[in-house]
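[1] Predicted model and sequence follow; I will ask about them next.
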Amino acid sequence: MTSHCIQAILGDWPSLSDIEKKVGVNDGNDLTNVSASALLIPSYANFTGDNWNVRFYGLAYKLPNISTSDLDSLIDGLSTNNLNSTQRSLLQNRTQDLASIPIPKANLTALVFANGSAVTNSSGIQLATADDVGEFDQFVPVPGLGGNTSSVKIVQTGIMNVTGPGNGTVILVPSTGISIVSDIDDVMRITKVYVPNEGLNNSFVQPYVNVPGIPELFEHWNETLPGVAFHYDTTTPVELTRTYVDYLFSNFPVGSLEMRPINITQPSQILEARQNSLLKLFQTFPQRKFVLVGDSSSSTLLSAYPQIAQQFPNQIACIFIRNTSATDPDDKIPYSTKEFKNLPNNTWFFYRTADDLYNLNITNGQCRNDSVPQNVTFGEQGGILGNGSNGAAGLVIGRAQYAAAILGTVVALAVSLL
C-alpha cells in the first residue's frame, strides 16, 4: 500500500509527544508517584555453542491515570459513537496502554525461568541501559538452558521490581530448520487496512477474526516442517503488544513478535524497521531457511522481502504473498511487484487462500501451486481496474488513475452532502 493511503485510511497514529501533551508530562521521569512498568515483547534465542543467547526486547514505561475518552481521542479518525457494550469493552481494553510514557535511560534487571524454575540467580541479569525512549533490545548469554535442540523450546522471562506486566516468553530456536516469518494484519487476521474506517474498527472495537484457513495452515506447518519456528512481525505500534500477544497465542503457535518502535511515523522509518528486524533474524540464524509470508496491501513487505532475499539468497525457502485484491473486492489499492523481478520465479508465490499453500512441499523447495495463475507484471498492479482478474496478481493500474478515482469518490460524497 502506498504511504499516503496508509495515512488516509488508518489516520494519524498518536506520536509520543501527542501522548505526553494529553497526559501533561514531558517523560516518564515526571511521573514520580507512578510505579515503573516494563513490557517484554516475545522474543527468541540462538545457541552459541556453550549457552543460549537470549534476546531481551521491550519497553520501560509508566502508565498514568487517564480517562477512557482521552485515550480514544488520541486515535485520529476513530469514531466511538453508537458502540454496543461489547465493542466499548474491547475498545477500553485495547487502548488502555496507549498512554504509556517511556522511562528514558531505565536500568532493568531480568530473570529467566525454564519448566517453572529460575535458571538465573536471585540477583538476576543486569540489562544494558534503555535508550532515550525507554526501549531496550539486547542479547545476553544465559547458562542453564541446556544444549542445542532439534525443536523449539519455550522459556519464560521477567523483569524485577516493576508493577507490571514485566513477564514474557522466549523461544529457543534450533540452529537448523525452517523459520516462518509472517505479517499479521490481513495475513493472519482480517483487518482491511485498505478500507476507510473499517481498518480502525477491526483493530479497536471489533473481535479479531482469523483469515480463513490460516490457523490450520500454521498448525500444519508446525507439525510437518523440520525444526520449525514462528516469528510474527507487524508495523502496529508497541503500545498494542499485549492485545496482539493475547490474540496470537490463543490462535497460532507460540513465537517471537516484532512491533513498531516508539515514535516511528514516517513510511521510510517503517520500512527501515521491517528491514532491521529481518536482518537481525537472518544474521542470528545463518543456517536456517526462511519462509516469508505477507500480503499485497503492505508496501513495506513488498520491498523488504525481495531485498532480504537478494541479500541472503541461500537462506530463502519461499516467499508467499496473499493477494488481498484477488479475493476482496473492497481492496482497491494498487501495489507494486517490481521488487520481485530479480528473484528466481520458483521462490515466490502470490496466493489467494490458505488452501493454495497447504499441500506445498516447502522442505523440498516447492513454493508454487501451478493451479493459481500469477499474472505478475513487475510493476504497479491491482487497484480499481484490477479486481476483476482471476489471477493471483491482478491487472495493472497507474497511480494517476487510482488518485483520480479516489478524488471522484470524494467529490461525489461532498456534493451529496450539500
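    Looks like it came in fine.

[2] which residue is nearest the centroid of this protein?
    Taking Cα atoms, centre = their mean as the criterion, residue 234 is the residue nearest the geometric centre of the chain, at 1.3 Å.

[3] The helix or strand that contains that one: which residues count as buried?
    When secondary structure is defined by DSSP states H and E, residue 234 falls within strand 229-237. For strand 229-237, burial by neighbour count (16 or more other Cβ atoms under 10 Å) applies to 229-237. All C-beta spots, glycine's among them, are computed from the backbone N, C-alpha and C.

[4] tell me the mean pLDDT for that strand?
    Here strand 229-237 scores 92 as its mean pLDDT.

[5] Ok, stretch 145-158 next?
    Mean predicted confidence for stretch 145-158 is 96.

[6] Let's see it as CSV, backbone CA atoms only.
    Extracted in CSV, the C-alpha atoms of stretch 145-158 (Å, rounded to 0.1, in the frame of the first residue of the first chain):
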residue,chain,number,x,y,z
LEU,A,145,19.0,-23.7,29.5
GLY,A,146,20.5,-26.9,28.1
GLY,A,147,22.2,-27.6,24.8
ASN,A,148,21.1,-27.2,21.2
THR,A,149,17.8,-28.8,20.3
SER,A,150,16.0,-30.2,17.2
SER,A,151,12.7,-28.4,18.1
VAL,A,152,11.7,-25.1,19.6
LYS,A,153,11.5,-24.9,23.4
ILE,A,154,9.8,-22.1,25.3
VAL,A,155,11.1,-20.4,28.4
GLN,A,156,9.7,-17.5,30.4
THR,A,157,11.4,-14.2,31.3
GLY,A,158,10.6,-11.4,33.7
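
[7] residue contacts, the residue nearest to the centre of the chain?
    183-185, 244, 257-260 (Cβ atoms under 8 Å, 6 or more residues apart in numbering).

[8] How many residues are close by the nearest residue to residue 162 once chain neighbours are set aside?
    Nearest residue to residue 162 in three dimensions, chain neighbours excluded: residue 38, at 4.5 Å (Cβ to Cβ, 6 or more residues apart in numbering). Other residues within reach of residue 38, judged by other Cβ atoms under 10 Å, total 28.

[9] Likewise for residue 48?
    Based on other Cβ under 10 Å, the number of other residues close to residue 48 is 12.

[10] looking at it, it is touching residue 141, isn't it?
    Yes: using Cβ atoms under 8 Å, residue 48 is in contact with residue 141, at 6.6 Å.

[11] helices or strands next to the longest strand along the chain in the packing?
    Longest strand in the chain, counting residues (DSSP state E): strand 52-62. Here strand 52-62 touches strand 36-40, strand 43-47, strand 101-102, strand 135-142, strand 153-159, strand 167-173, going by 3 or more Cβ pairs under 8 Å, 6 or more residues apart in numbering; DSSP states H and E.

[12] Lowest average pLDDT across these?
    Minimum mean pLDDT among the helices and strands packed on strand 52-62: strand 101-102, a mean of 89.

[13] Mind checking what helix or strand follows it in sequence?
    strand 109-114.

[14] orientation of that following strand relative to strand 36-40 in degrees?
    40 degrees (axes from the mean of the first three to the mean of the last three Cα atoms, to 10 degrees).

[15] what's strand 109-114 in contact with?
    54, 56, 118-120, 123-127, 140, 142, 144-146, 153, 155-161, 170.

[16] Can you flag the buried ones in those residues?
    Judged by 16+ other Cβ under 10 Å, buried ones among the contacts of strand 109-114: 54, 56, 119-120, 124-125, 127, 140, 142, 145, 153, 155-159, 170.

[17] related to what we said a few turns ago, distance check, the residue nearest to residue 162 against residue 241.
    From residue 38 over to residue 241 the distance is 12 Å, taken as Cβ to Cβ, to the nearest Å.

[18] ok, now residue 312?
    For residue 312, the distance to residue 241 - Cβ to Cβ - is 27 Å.

[19] of those two, who's got more company?
    Using other Cβ under 10 Å, the more surrounded residue of residue 312 and residue 241 is residue 241, with 24 against 16.

[20] tell me which element that one falls in.
    Going by DSSP H and E, residue 241 is in helix 241-251.

[21] How far off centre is that helix?
    Mean C-alpha position of helix 241-251 versus that of the full chain (Cα atoms, centre = their mean, to the nearest Å) differs by 11 Å.
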